[in-house]
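Enquirer: Sequence plus the predicted model coming up.
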Amino acid sequence: MDKVPFSAEWLAQSSRGIARPAARRPRSPSGGSSSQEDPPAPAALRDREAAVRSSPEHEVEAGSGPVPGRPRTKFSAAQLQELERSFREQRYIGASEKRRLAAVLNLSQSQIKTWFQNRRMKFKRQTQDAR
């Protein structure tokens, strides 16, 4: 079985924001385990930190400023009406229709694409709940 790069204790502490990454210890040449656990790889740390930031328990300290990233888009009633009309016609949007909607609704093509993805998931949940 492969060695896990962190312990259950470290995970429990890190989920509460207590754990600090330990210094990396060199592995023995034979590939055996050292007595000290290695911290997670940098990519795993970034993923874990992103999950902590997005969790409801994570609170931004007063005066620390906004968290970096794009704010949630608030669609107008007219935009939603046009997006819903287009969704009723076709659940999967083509490139030309995406460009047209982006220009008409003053939104980016990625916003249109994301709206359609989210709307398809909402539709899927509604149809599953109806069964």
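Expert: Okay, I see it.
Enquirer: what separates residue 122 from residue 95, distance-wise?
Expert: According to C-beta to C-beta, to the nearest Å, residue 122 and residue 95 sit 23 Å apart. Every residue, glycine included, has its C-beta placed from N, CA and C.
Enquirer: Run a quick neighbour tally on the residue nearest to residue 104 when sequence neighbours are not counted.
Expert: Taking C-beta to C-beta, 6 or more residues apart in numbering, and ignoring the residues beside it in sequence, residue 104 has residue 82 as its nearest neighbour in space, at 6.8 Å. A count of neighbours around residue 82, defined by other C-beta atoms under 10 Å, yields 15.
Enquirer: Please pull out the lowest mean pLDDT helix or strand from the protein.
Expert: The least trusted helix or strand in the chain, going by mean pLDDT, DSSP states H and E, turns out to be helix 42-54, with a mean of 59.
Enquirer: and the next element down the chain from that one?
Expert: Heading C-terminal from helix 42-54, the first helix or strand you meet, by DSSP states H and E, is helix 77-89.
Enquirer: and residue 85, how many neighbours?
Expert: Applying other C-beta under 10 Å, we find 9 other residues in the vicinity of residue 85.
Enquirer: Look up how far residue 102 lies from it.
Expert: Look at residue 85 and residue 102: by C-beta to C-beta, they are 15 Å apart.
Enquirer: Check residue 73 too.
Expert: Applying C-beta to C-beta, one obtains 13 Å for the distance of residue 73 from residue 102.
Enquirer: same thing with residue 122?
Expert: Counting by C-beta to C-beta, the gap from residue 122 to residue 102 is 21 Å.
Enquirer: Have a look at this structure and report its longest helix.
Expert: With residue count as the measure and DSSP state H as the assignment, the chain has helix 109-130 as its longest helix.
Enquirer: Give me the contact list for that one.
Expert: When contacts are defined by C-beta atoms under 8 Å, 6 or more residues apart in numbering, helix 109-130 is touched by residues 73, 75, 83-84, 87, 91-93, 98-99, 101-102, 105.
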